[in-house]
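Engineer: have a look at this prediction, sequence included:
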Amino acid sequence: MIEVENLTKYYGNLAAIENITFRVEKGEILGFLGPNGAGKTTTMRILAGFFPPTSGAARVVGYDVVNDSIEVRRRIGYMPETVPLYKDMRVTEYLDFVAEVKGISRKTRKSKIEKVMEECGATEVGHRLIGKLSKGFQQRVGLAQALLHDPEVLILDEPTIGLDPKQIIEIRQLIKSLAGERTVILSTHILPEVSMTCQRVIIINEGKIIAMDTPENLNKQLQKLTQILLQVEGPSREVASQLGKVKGVVKVTKKEEVSPGVWNYIVESSKDLDVRKELVQTILTHQWGLLELHPMGMSLEDIFVKLVTAEER
Amino acid sequence: MKNFFAVVKKEMRSYFTSPIAYVVIVIFLVLSGFFFYSGIAYFNLVSLQAMRSPYGAQDLNITEWVLRPLFGNISIFMLLMMPLLTMRLFSEEKKGGTFELLFTYPIKDMETVLGKYASCVGVFIIMLLATLIYPLLIHKYSTLELGPAMSGYLGLFLMGSAFISLGLFFSSLTENQIVAAVISFGALLLFWVIGWSSALASSKTGSLLTQLSILEHFGEFSKGVIDTKDVIYYLNFIILSLFLTMRSLESKRWRG
């Protein structure tokens, strides 16, 4: 659906992206992850046909983004990061304009607009001025204009930024529901978002791809130790030393005291050994109180930080 | 072509939902109305005096005394006001970021440029149509010479359209509306006065400067003469400006 080969873009002497290559299959949701200025927006702008790359090629639905720019633009829905909208237009007026330039016939225009406003939850603000809407509703209108002509490919630059938690969940669900029939590329800072919505992640830093895989695989690759969080009521020094004696435990770290006599501990063990049973056994035989036990998977956040800092070193 | 009309519709709507079009049109009409009134009043006074001494009476012609100066004045108001109409065309989109969305919609650059141009010309036509009341008043109370009136309006229309095309170009260069307006106004004024320095230059350069002047080419229209060289001058001016606008948009995108 989307093929990107050796894409490079220079702003003057500054390379925004260098030799980026990836593919996105039909129906896939791809997450673009990276710190600010990593080149996410640049890549998306090239794919959306806003500007051409300095070198390299990108094809969307088989059309080249430079030579067949108009054909590409007909088939994508793009939502830029800042959601720029015409502030002096009403929502329906604006969507009507978008529908017209996207070539939706006059007959179906009205029903399409109504449908997409319903999908994005913008029906109630239809006749209000866009400039007077809250950030959340502007975001919805931005999404609505991208979805309006049922594009095969959706390119969303930070779609949930500036929304409240409830809206974020709604938008994520909407994006997820789009997968299957549509191909979606979305960029974000928010890491849990990627693991929640995306099937594949590209981590990009300083214009280069540094990792590309499913969120689970990234997790597996980078995680060498299993971490377990324990909350135990009992004499802290003794608990720590006894837990350290359990077979397979590499390290026990005493964290903060939650309430008098109750401490949090982090137990690290080698990756392939499950030490949870033994830990519980030890605690029970000493008659301490076990209040909490849960394994801590490495969050995408850790992976991200690890990869980005490893790159810098 | 459909996209062209969509852009025209959107831009027209934007002119008339914001106060810009109303303010510009009203101020334009107030000024031209005042000048029309004082022209007529002065003509009345001179006519009264001419009744007493019949020698000057045969020179008295309402087209010469009222309509032609009015056209001259209107052209000056256009010089002042057109940059204010054109400054927002691209600058506003750039500042607001809507530029990015507009240029990822399946619209060709040409359609955007022509659509924006046509919408501004549309506002200008409305302005110009409103001033038709002056020749109509002359027609009612005196005799209007239809020829010079029509050629004068054609001249105003061509001149205003040329102003708009240059303003559109400067608006595509910057994201700051004030900068766009100031540069447009400066450039137009320079084109206006460029012929004045012809007396100081050698005869060849002098005639070149005269031919470049926007004002020079307008003179004939207000006298009732439609010269193809003047029409072609304005058309060239417009086409060149629109061409430069297209180039400027393209280069902006290459540079990112």
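Structural biologist: Received it, and whenever you're ready, just let me know what you need.

Engineer: care to break chain A down by domain?
Structural biologist: When chain A is parsed with automatic domain parsing, its domains come out as A:2-220, A:225-296.

Engineer: quick one: mean pLDDT for the first one?
Structural biologist: pLDDT averaged over domain A:2-220 equals 87, rounded to a whole number.

Engineer: over to residue A:252. Which of the three states is it?
Structural biologist: Reducing the assignment to helix, strand or coil with DSSP: H, G, I helix; E, B strand; the rest coil, the entry for residue A:252 is strand.

Engineer: tell me what it is bridged to.
Structural biologist: Following DSSP bridges, residue A:252 is listed with bridge partners residue A:267.

Engineer: dump the residue contacts of it.
Structural biologist: Residue A:252 sits next to A:240, A:243, A:244, A:265, A:266, A:267, A:268 when contact means CB atoms under 8 Å, 6 or more residues apart in numbering or on different chains. To be clear about C-beta, it is placed using only N, CA and C from the backbone, and glycine gets the same treatment.

Engineer: how about stretch B:186-202 as PDB, C-alpha atoms only?
Structural biologist: Included here for stretch B:186-202 are C-alpha records, laid out as PDB according to Å, rounded to 0.1, in the frame of the first residue of the first chain:
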ATOM      1  CA  GLY B 186       5.300  50.000  -2.600                       C
ATOM      2  CA  ALA B 187       5.700  48.000  -5.800                       C
ATOM      3  CA  LEU B 188       2.400  49.400  -7.300                       C
ATOM      4  CA  LEU B 189       3.300  52.900  -6.400                       C
ATOM      5  CA  LEU B 190       6.700  52.400  -8.100                       C
ATOM      6  CA  PHE B 191       5.000  51.200 -11.200                       C
ATOM      7  CA  TRP B 192       2.700  54.200 -11.000                       C
ATOM      8  CA  VAL B 193       5.400  56.800 -10.800                       C
ATOM      9  CA  ILE B 194       8.100  55.100 -12.900                       C
ATOM     10  CA  GLY B 195       7.100  57.100 -16.000                       C
ATOM     11  CA  TRP B 196       7.700  60.400 -14.200                       C
ATOM     12  CA  SER B 197      11.500  59.900 -14.300                       C
ATOM     13  CA  SER B 198      11.500  59.400 -18.100                       C
ATOM     14  CA  ALA B 199      12.300  63.100 -18.600                       C
ATOM     15  CA  LEU B 200      15.600  62.600 -16.700                       C
ATOM     16  CA  ALA B 201      16.700  59.600 -18.700                       C
ATOM     17  CA  SER B 202      17.900  59.200 -22.300                       C
END
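
Engineer: what's the most buried one of the domains of chain A?
Structural biologist: By mean neighbour count, with neighbours taken as mean count of other CB atoms under 10 Å in any protein chain shown, domain A:2-220 ranks first of the domains of chain A at a mean of 19.

Engineer: just confirm yes or no for that one near chain B.
Structural biologist: Yes. Remark: domain A:2-220 sits within contact range of chain B at A:9, A:11-12, A:16, A:42, A:45, A:48-52, A:70-71, A:73-74, A:76, A:78, A:80, A:82, A:84-89, A:93, A:97-98, A:100-103, A:145, by CB under 8 Å from any CB of the partner chain.

Engineer: just the ones of the residues you listed in helices?
Structural biologist: Here DSSP state H is the test, and the residues of domain A:2-220 next to chain B give A:42, A:45, A:70, A:71, A:73, A:74, A:93, A:97, A:98, A:100, A:101, A:145 as lying in helices.

Engineer: up against chain A, what does chain B have?
Structural biologist: B:2-3, B:6-7, B:9-10, B:13-14, B:17-18, B:96-101, B:103-108, B:253-256.

Engineer: mind checking which of those residues land in helices?
Structural biologist: Secondary structure from DSSP H places B:2-3, B:6-7, B:9-10, B:13-14, B:17, B:96, B:98-101, B:253-255 of these in helices.

Engineer: pLDDT weak spots in the stretch 51-200 of chain B?
Structural biologist: Within the stretch 51-200 of chain B, the stretches with pLDDT under 70 are B:54, B:56-57.

Engineer: which residues in it form helices?
Structural biologist: B:62, B:68-86, B:88-96, B:98-102, B:109-130, B:133-141, B:146-173, B:177-193 (DSSP state H, counting those that start in this stretch).

Engineer: so the longest one versus helix B:88-96, what angle?
Structural biologist: Looking back up the chat, that one is helix B:146-173. Per axes from the mean of the first three to the mean of the last three CA atoms, to 10 degrees, the angle that helix B:146-173 makes with helix B:88-96 is 20 degrees.

Engineer: packing partners for helix B:146-173?
Structural biologist: Judged by 3 or more CB pairs under 8 Å, 6 or more residues apart in numbering or on different chains; DSSP states H and E, the packing partners of helix B:146-173 are helix B:68-86, helix B:88-96, helix B:109-130, helix B:177-193, helix B:214-223, helix B:228-255.

Engineer: so the third one versus helix B:228-255, what angle?
Structural biologist: So the one you mean is helix B:109-130. The directions of helix B:109-130 and helix B:228-255 differ by 140 degrees, with the same axes, to 10 degrees as the criterion.

Engineer: buried sites along helix B:109-130?
Structural biologist: Neighbour-count burial for helix B:109-130 flags B:111-121, B:123-124, B:127-128 (criterion: 16 or more other CB atoms under 10 Å in any protein chain shown).

Engineer: cool, and the fourth one?
Structural biologist: In terms of neighbour count (16+ other CB under 10 Å), helix B:177-193 has its buried residues at B:177, B:180, B:181, B:183, B:184, B:185, B:187, B:188, B:191, B:192.

Engineer: what does the first one give?
Structural biologist: Within helix B:68-86, the residues that qualify as buried by neighbour count (16+ other CB under 10 Å) are B:68-71, B:73-75, B:77-79, B:81-86.

Engineer: list the helices and strands the helix or strand encompassing residue B:34 packs on?
Structural biologist: When elements are defined using DSSP states H and E, residue B:34 is found to belong to helix B:20-52. Packing partners of helix B:20-52 (3+ CB pairs under 8 Å, 6+ apart): helix B:68-86, helix B:109-130, helix B:133-141.

Engineer: got the contact list for the shortest one?
Structural biologist: Read it as helix B:133-141. Surrounding helix B:133-141, the residues in contact under the criterion CB under 8 Å, 6+ apart are B:32, B:33, B:36, B:62, B:66, B:67, B:70, B:144, B:149.

Engineer: doesn't residue B:72 make contact with the first one?
Structural biologist: No. With contact defined as CB atoms under 8 Å, residue B:32 does not count as touching residue B:72 (11.1 Å).

Engineer: and what about the residue nearest to residue A:264 when sequence neighbours are not counted, helix, strand or coil?
Structural biologist: In space, residue A:264 comes closest to residue A:255 once its chain neighbours are excluded; the distance is 4.0 Å by CB to CB, 6 or more residues apart in numbering or on different chains. With three-state DSSP as the basis, residue A:255 sits in strand.
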